[in-house]
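Visitor: sequence unavailable; structure follows:
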């Protein structure tokens, strides 16, 4: 039987996965699990039983849970009277594809707190490809499983009965050894993930497809990837938490998919997505049924729908594929005794694309970078914590009195 | 140069709540010996750039202490 998940020394087959699903009679509507298999089992069980599920990061802390209003719900079991038996994987996959579950995920909001987006399975599987061509694939799983990109890789792999090898947050040697040992054929990850596999000292011929998403990539990285994986085809994917993956690249450039017709528009160089493609959220502001993504493009050939991404309209900072809202981080720093004012901004970085920096004006002399970092690590997930903190006498303001970002 | 570099490495470890490293060797792996994640490596580039004005990761990832020293002494 085909292996389902390989995670370190842990290996589970699809056969055992079916057994585990059949033996279950509960699930966690809000589950905080660092273990990939437990997470997948819970997610699939919820989907099969058409139950709502909220996906949260395993490193989320109590302060963040409180602010999302989830503190009382996390890791609470809900018993289900499920007497249905799933004898074959096909029946299970069919129920997952047709699930009536509402799946809630979070995204960095442009103002204040993260925002909630609720998706149907139809939204999440829109870009999943199925068929004989997609069987026998072995995936390196390199995304956070609770984020849009991770969910899409999981569904793509599960719905084609593919093997998933967990390399998320693993080091370079472990990842490269796993690619070799398990003959990995497909990798989907952020440009940062691939940058960290360099220099290309070894060659892996098993890899057929390399997908990049989540941040800007460049030609230099592409050629390094091809040295490492000489037989791989490279694809860039544009996806958003609000809508899932929408378009893939044609070489260096992206192409508006004709199948989506008018559902995607470009106005003033900004990509707008029609509401029918979006998950449900109370906090998305729409303009004439379209959601302004904040992603700005430059046309390469407008008649053919070819374009490339240029920048973002809002202030979200992309750190290695994680989007950080500087206001959220500033709010937490400002809550610290002795901090008069602070500004969180980005500096370009050769490892992560961007790195978070922070200038602080304080009145307490014993406030140190270390003490602030410790405080923040209790309040925020690691990727939201500024990696460089500078104490300053004055923070420059713009003429309108708004804090100036660099 | 080496003292400053070692100081930077230990600052990053302290920020993560890890103990100071006392014995350093050229072959030390940044990821394995110092337990640096991608975010720590990014922090390392910023701190080294502030101190020495060189982006050690500009043309590819370096993996050992010796490789950083080689870049800085160019």
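Guide: Alright, I've got the coordinates. Because the structure is a prediction, the values reported are computed rather than measured.
Visitor: ok, residue 9 - how many residues close by?
Guide: Using chain A here. Using other C-beta atoms under 10 Å in any protein chain shown, residue A:9 is surrounded by 5 other residues. The way it works is simple: take the backbone N, C-alpha and C, and place the C-beta from them, glycine included.
Visitor: try again with chain B
Guide: Residues contacting residue B:9 under the criterion other C-beta under 10 Å number 24.
Visitor: how near is it to residue A:172?
Guide: Distance, residue B:9 to residue A:172, by C-beta to C-beta, to the nearest Å: 18 Å.
Visitor: kindly report the residues of chain B close to chain A.
Guide: Near chain A, the residues belonging to chain B are B:14-15, B:17, B:31-32, B:37-39, B:41-43, B:45-47, B:55, B:57-58, B:60-61, B:63 when assessed by C-beta under 8 Å from any C-beta of the partner chain.
Visitor: show me where the stretch 201-350 of chain A has helices.
Guide: Along the stretch 201-350 of chain A, the stretches classed as helices by DSSP state H, counting those that start in this stretch are A:219-228, A:326-334.
Visitor: looking at these, which is closest to residue A:370?
Guide: Closest to residue A:370 of the helices of the stretch 201-350 of chain A, according to C-beta to C-beta: helix A:326-334, at 14.3 Å.
Visitor: which strands or helices does that closest one pack on?
Guide: On a contact count with 3 or more C-beta pairs under 8 Å, 6 or more residues apart in numbering or on different chains; DSSP states H and E, helix A:326-334 meets strand A:339-349, strand A:353-362, helix A:369-379.
Visitor: what angle sits between that helix and helix A:369-379?
Guide: 110 degrees (axes from the mean of the first three to the mean of the last three C-alpha atoms, to 10 degrees).
Visitor: quick one: buried residues of helix A:326-334?
Guide: By neighbour count with 16 or more other C-beta atoms under 10 Å in any protein chain shown, helix A:326-334 contains the buried residues A:326, A:327, A:328, A:329, A:330, A:331, A:332, A:333.
Visitor: OK, contacts around residue A:121?
Guide: Going by C-beta atoms under 8 Å, 6 or more residues apart in numbering or on different chains, residue A:121 touches A:47, A:96, A:97, A:98, A:99, A:100, A:101, A:103.
Visitor: typo on my end, it should be residue B:26
Guide: Contact analysis of residue B:26 by C-beta under 8 Å, 6+ apart lists B:64, B:65, B:66, B:69.
Visitor: any of the residues you listed buried? List them.
Guide: Buried by 16+ other C-beta under 10 Å: B:64, B:65, out of the contacts of residue B:26.
Visitor: let's have the contacts of residue B:26 in a markdown table, adding pLDDT.
Guide: Shown next, in a markdown table, are the contacts of residue B:26 (pLDDT from 0 to 100):
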| residue | pLDDT |
| --- | --- |
| B:64 | 92 |
| B:65 | 93 |
| B:66 | 93 |
| B:69 | 92 |
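Visitor: tell me which of the contacts of residue B:26 is nearest to chain A?
Guide: residue B:64 (11.6 Å; C-beta to the nearest C-beta).
Visitor: contacts only, for that closest one.
Guide: The neighbourhood of residue B:64, defined by C-beta under 8 Å, 6+ apart, consists of B:26, B:27, B:28, B:29, B:30.
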